[in-house]
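Peer 1: no FASTA, just this:
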Ligand code: SAH
């Protein structure tokens with residue numbers, strides 16, 4: 001299979017045609033070998049328009065969702081970023097291509113370790129993977145210019161808001177366990193401006209400031 005041309009089509013027809021405008025975001029997605037972030041037997045579907053299973057009951061997000069969330073973050077090359085929900089590490093790679101430093105936190109050890117190995121093999125040196133409850137953020141490296149949560153939360157965790165730098169942006173899916181809306185929160189002095197964006201469906205953010213005692217997890 002010709003992964004490189006599949007990737008080009010994905011960028012043109014699933015992303016640019018649907019309104020993704022940031023050239024940086026489009027270029028980075030065209031560059032990163034997304035098929036290396038999914039199980040081998042699913043590689044041929046890696047450039048299709050939907051999420052895919054990555055094991056442990058979790059998914060790699062739909063490419064369009066990765067693009068829209070990254071665009072909303074408005075990253076600068078000097079930014080320090082926190083990602084909550086490493087999963088496959090694909091979104092982490094997208095962030096690391098644009099920003100200066102990325103901390104990504106994942107609650108499932110097996111996924112965190114696999115993603116760390118994968119990102120190391122691809123040569124990234126500006127990523128730190130942490131295993132833990134990201135609904136509390138990651139205070140040792142706060143504040144962050146941008147925070148992205150790739151799991152759905154019943155509300156916006158206060159800890160994440162507190163870890164935003166002045167002018168910092170937080171993108172998070174908030175709502176019920178079956179449907180959420182993408183919120184963008186911008187810290188301005190002591191205030192937080194909130195914008196509502198598209199509706200979406202993410203796996204649950206499980207933790208102290210997310211869904212507590214979700215299922216048997
Ligand atoms: N960005 C990922 C999406 C993975 S799905 C990718 O591109 O592949 C969301 C991930 O969030 C899952 O791996 C899940 O285990 C993780 N997660 C859920 N609750 C979490 C929490 N409180 N802290 C850290 N990770 C969490």
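Peer 2: The structure has been received and is ready for your questions. From a predicted model like this one, the values you see are computed outputs, not experimental measurements.
Peer 1: List the buried residues in the strand ranked longest in the chain.
Peer 2: Counting residues, the longest strand found in the chain (DSSP state E) is strand 164-175. For strand 164-175, the neighbour count (16 or more other C-beta atoms under 10 Å) marks 164, 168-175 as buried. (Each C-beta comes from the backbone N, C-alpha and C, glycine too.)
Peer 1: And the residues you listed, which two are furthest apart?
Peer 2: 168 and 175 (22.3 Å; C-beta to C-beta).
Peer 1: need the residues of the protein near the ligand, please.
Peer 2: The chain comes close to the ligand at residues 58-61, 84-85, 87-88, 90-91, 105-108, 111, 133-135, 150-151, 203, 205-207, 210, as judged by C-beta under 6 Å from any ligand atom.
Peer 1: 5 Å instead, please
Peer 2: Taking C-beta under 5 Å from any ligand atom as the criterion, the chain approaches the ligand at residues 58, 60-61, 85, 87-88, 90-91, 105-108, 133-135, 150-151, 203, 205-207.
Peer 1: Can you list which of the residues you listed are found in helices?
Peer 2: Among these, the ones falling in helices (DSSP state H) are 90-91.
Peer 1: Filter the residues of the chain next to the ligand down to the buried ones, PyMOL style.
Peer 2: The buried residues among the residues of the chain next to the ligand can be selected in PyMOL (16+ other C-beta under 10 Å) with this line:
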select buried, resi 58+60+61+85+87+88+90+91+105+106+107+108+133+134+135+150+151+203+205+206+207
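Peer 1: who's in contact with the nearest residue to residue 155 once chain neighbours are set aside?
Peer 2: Counting by C-beta to C-beta, 6 or more residues apart in numbering, residue 174 is the residue found nearest to residue 155 once chain neighbours are left out, at 6.3 Å. Residue 174 is in contact with 152-156, 180-181, 183, counting by C-beta atoms under 8 Å, 6 or more residues apart in numbering.
Peer 1: swap the cut-off to 7 Å and go again
Peer 2: Shown in contact with residue 174 (C-beta atoms under 7 Å, 6 or more residues apart in numbering): 153, 155-156, 180-181, 183.
Peer 1: Which of the three states applies to residue 50?
Peer 2: At residue 50, secondary structure determined by DSSP: H, G, I helix; E, B strand; the rest coil is coil.
Peer 1: Could you pull up the contacting residues of it?
Peer 2: Per C-beta under 7 Å, 6+ apart, neighbours of residue 50: residue 62.
Peer 1: Residue 154 now?
Peer 2: 210-211.
Peer 1: Please report phi then psi for it.
Peer 2: phi -70, psi -30 (degrees, to the nearest 10).
Peer 1: for this structure, what spans make up the strands?
Peer 2: Along the chain, the stretches classed as strands by DSSP E are 52-55, 58-60, 80-84, 101-106, 127-131, 144-149, 164-175, 180-188, 191-200.
Peer 1: how about those strands in TSV, adding mean pLDDT?
Peer 2: Shown next, in TSV, are the strands of the chain (pLDDT from 0 to 100):
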stretch	mean pLDDT
strand 52-55	97
strand 58-60	96
strand 80-84	99
strand 101-106	98
strand 127-131	98
strand 144-149	99
strand 164-175	98
strand 180-188	98
strand 191-200	98
